[in-house]
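A.B. asks: have a look; sequence and predicted model below, questions after that.
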Amino acid sequence: MRKTEVTGIIGHLEYKTPGVRLLYGLLFLLMILLAVVCLFPSIWVMVSSLKDIKEFYRMPPTLFPETFDIGKLGEAWNELRFMRYYVNTVYMTAGSVLFCLLFNGLAGYFFSKLKPRGSAFLFTLIVWTLLLPNTVGMVPLFSNIVDFPLLHINLTNTFWPMWLMAAVNPVVILIFKSFFDNIPQSLLEAAKIDGATKIGIFSKVVIPLSVPVLVTITILTVNAVWMDFFWPFMVLKDQAKWTVIVAIYNMRSQMPIDLQFITLTFAIVPPVVFFILFQKSIMKGYTFSGIKG
């Protein structure tokens with residue numbers, strides 16, 4: 001009989017104990033149940049969107065579709081001209097990722113490796129901002145969007161507010177700082193002796209060693225920005241600038257319920273596929289492999 005391989009906090013000896021095996025099985029079943037509960041709403045929306053119109057409105061509803069009307073997807077896509085909303089969302093997401101990686105990465109490098117006088121106090125202030133509810137800053141932020149300080153320009157109907165907010169993320173700064181702390185200082189000193197500037201060290205030494213955390217932050221940012229609703233809804237009033245989520249919300253009164261399910265499927269699929277393709281990179285972002293040589 002093949003031995004069951006057990007890894008993690010439960011070793012082989014502990015696993016042989018009946019009580020531990022029972023607890024392990026119960027925890028495993030619990031995790032499966034939680035996964036089903038989390039996945040069921042999204043799967044239900046995607047599967048229901050493919051149902052025939054008669055089956056869609058049938059009561060009680062069918063759990064597994066008896067018919068699949070795939071043509072509804074193409075009809076809805078062309079009717080609602082969904083491609084422009086996809087382009088807007090991709091554009092906003094790409095800018096947010098760029099601003100997030102560049103500015104938060106530089107901040108993490110600043111607090112981890114440069115550490116000028118007063119940086120510890122400034123870092124403490126940034127950490128304290130995590131204790132504030134998000135709703136506290138909504139009114140001041142929106143006021144600054146309508147009348148941007150110093151420049152006195154209106155940033156509504158532009159993607160700049162979302163990009164600028166992505167550029168200052170305390171959680172991402174913490175992740176970058178924690179990762180950069182594990183980079184040997186000797187590598188930076190060697191680059192400094194070779195004549196590299198501080199920005200040169202960041203771009204030619206730190207960044208190449210930080211691919212795992214860069215990929216992780218990119219994945220998390222893409223998923224967060226793609227499904228973001230509040231600020232795009234508040235800022236993007238022109239239909240030509242709507243993102244996918246804003247378009248679905250604003251057009252909900254013009255669409256029957258089955259068409260709403262189809263549009264929700266359009267919103268769900270891209271981040272899910274993106275996450276599945278790169279999910280292994282998330283765990284790599286929280287570890288740092290040693291350098292041999």
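C.D. replies: Cool, the structure landed. Numbers count the residues shown, from 1 in each chain.
A.B. asks: now the element after the longest helix seen in the chain, going C-ward?
C.D. replies: Criterion DSSP state H: the longest helix present in the chain is helix 18-48. Once the chain leaves helix 18-48, the next helix or strand it forms, by DSSP states H and E, is helix 53-56.
A.B. asks: what about the closest residue to Gly200 other than its chain neighbours, distance to Lys198?
C.D. replies: Nearest residue to Gly200, sequence neighbours excluded (CB to CB, 6 or more residues apart in numbering): Ala191, at 7.3 Å. Glycine gets a C-beta too; all of them are placed from N, C-alpha and C. Computed as CB to CB, to the nearest Å, the Ala191 to Lys198 distance reads 10 Å.
A.B. asks: which one of those two is surrounded by more residues?
C.D. replies: Ala191 (18 against 14; other CB atoms under 10 Å).
A.B. asks: so that one sits against Ile199, correct?
C.D. replies: No - Ala191 lies out of contact with Ile199 (CB atoms under 8 Å); the separation is 11.4 Å.
A.B. asks: residue contacts, the residue nearest to Gly200?
C.D. replies: Counting by CB atoms under 8 Å, 6 or more residues apart in numbering, Ala191 makes contact with Gly200, Ile201, Lys204, Val205.
A.B. asks: for it, give me the pLDDT.
C.D. replies: Per-residue pLDDT puts Ala191 at 86.
A.B. asks: so it, which state does it fall into?
C.D. replies: Ala191 carries the three-state label helix when classified by DSSP: H, G, I helix; E, B strand; the rest coil.
A.B. asks: tell me how far Met255 lies from Leu264.
C.D. replies: 11 Å.
A.B. asks: those two: who's more crowded?
C.D. replies: Leu264 (19 against 16).
A.B. asks: tell me which element that one falls in.
C.D. replies: helix 257-278.
A.B. asks: and the angle from that helix to helix 18-48?
C.D. replies: Orientation of helix 257-278 against helix 18-48 (axes from the mean of the first three to the mean of the last three CA atoms, to 10 degrees) gives an angle of 130 degrees.
A.B. asks: other SSEs contacting helix 257-278?
C.D. replies: Applying 3 or more CB pairs under 8 Å, 6 or more residues apart in numbering; DSSP states H and E, we find helix 257-278 packed against helix 18-48, helix 53-56, helix 71-80, helix 82-99, helix 211-226, helix 244-250.
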